[in-house]
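Q: just to be clear, the model below is a prediction. Sequence and coordinates:
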Amino acid sequence: MAIADDIIARLTGEFLDDAGDRLARMQVTLTDLTARPKDRRALLLDLAREIHNLKGAGKMYGFPTISLVADRYEDYLEAGAEADPLPVAQLQGFADTLLDIVESGRNPDPDRTAAILRGLPSYFEFDPDSVVGRPGRALVVTRARTLGHMLARELANCGYRAQLASDPFEALRFAVAEQPDVVLSSAVLDGLGGIDLLRALRTVRPTARMPVAVVTSFDAGHPELAGLPQGVAVVKLGKTLADDLARVLTEAGELPGA
């Protein structure tokens, strides 16, 4: 056992050293994004490469929170890559969050992880002038980044901040811990189907009454929708998406500030 512990400690140390080196290179890239705007595309590619490598290694070496933050970092970078001006301050915030975890030398506990994820910026923000009450919070679960960004944009138009997730198990933990106002899940996910995720949310006591909906291109009766819990709304991809989403948010309570 002592030998095994020593091996694990060595591998963990090597991962943290490597992660620190990657974050140092990311810091140089973030600085260059301001100093060398003409090289923006190449610099963003370098940044994306380092983020993706951190994301892949985090879970493998016992730092799943690093993988989760890196996954959100990828989403934000992809959504804001063409923005003018580039949101460098927000990109720096993700890097600082990753550095804090690496320098601590340990993976944050579930409560701290939830707080970290909740504090990360979202690229698609609602217009605060259009919301009288508090903003709504939505959890969007999909393996397709493009779909996640589209739903986040639609939700922002309705006064909701969207938290994106691709891992259904992490989404379940987040929903229990953070109690979002509504959960939207793709029918097809990796590791656990969207219908199974929604069934789980309806079964677990803390989320049993939470408004949930499946987002899909499938028609009613399709095998992929078999087992959909009674009363779960369907948001159909296509021309009715905005109307379906507005109906779900209205039925979930009232639109924020309404």
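A: Perfect, thanks for sending it.

Q: let me see the contact set for the closest residue to Ala144 other than its chain neighbours.
A: Using Cβ to Cβ, 6 or more residues apart in numbering and skipping residues adjacent in sequence, the residue nearest Ala144 is Ser186, 6.9 Å away. From N, CA and C alone the C-beta is placed, and that goes for glycine too. Contact partners of Ser186, counting by Cβ atoms under 8 Å, 6 or more residues apart in numbering, are 141-144, 147, 194, 214-216.

Q: ok, Ser67 next?
A: 54-59.

Q: let's see it at 7 Å
A: Going by Cβ atoms under 7 Å, 6 or more residues apart in numbering, Ser67 touches 55, 58-59.

Q: check for me that it belongs to a helix.
A: Yes. Assessed with DSSP: H, G, I helix; E, B strand; the rest coil, Ser67 lies in a helix.

Q: burial count for the nearest residue to it once chain neighbours are set aside?
A: Distances taken as Cβ to Cβ, 6+ apart put Gly58 closest to Ser67, at 3.4 Å, once the chain neighbours are dropped. Residues lying near Gly58 (other Cβ atoms under 10 Å) number 23.

Q: my read: Gly58 touches Asp71, true?
A: No. The criterion here is Cβ atoms under 7 Å, and Gly58 misses it with Asp71 at 9.1 Å.

Q: so what touches stretch 75-89?
A: The contact list for stretch 75-89, computed with Cβ under 7 Å, 6+ apart, reads 30, 33-34, 40, 44, 47-48, 51, 90-91, 94, 121, 123-124, 145, 148-149, 164.

Q: one more time with 10 Å
A: Stretch 75-89 is contacted from outside by 30-31, 33-34, 37, 40-41, 43-45, 47-48, 51-52, 90-91, 93-94, 120-124, 145-146, 148-149, 152-153, 164-166, using Cβ atoms under 10 Å, 6 or more residues apart in numbering.

Q: in this protein, which spans are helices?
A: Using DSSP state H, the helices of the chain run over 2-35, 40-60, 64-80, 88-104, 110-119, 145-157, 168-178, 194-203, 241-251.

Q: and those helices, which one averages the lowest pLDDT?
A: The weakest mean pLDDT among the helices of the chain belongs to helix 110-119, with a mean of 85.

Q: what residues sit buried inside it?
A: With burial defined by 16 or more other Cβ atoms under 10 Å, the residues of helix 110-119 counted as buried are 113-114, 116-117.

Q: and if you look at stretch 204-211?
A: Buried residues in stretch 204-211 (16+ other Cβ under 10 Å): 207, 210-211.

Q: these two touch, right, Leu241 and Ala213?
A: No. Leu241 is not in contact with Ala213 according to Cβ atoms under 10 Å; the separation is 11.3 Å.

Q: the more surrounded of these two?
A: Of the pair Leu241 and Ala213, Ala213 is the one with more neighbours under other Cβ under 10 Å, namely 22 against 15.

Q: in this structure that one contacts Ser185, no?
A: Yes. Contact criterion Cβ under 10 Å: Ala213 and Ser185 qualify, at 7.6 Å.

Q: overlap in contacts, those two.
A: Shared contacts of Ala213 and Ser185 (Cβ under 10 Å, 6+ apart): 198, 232, 235.
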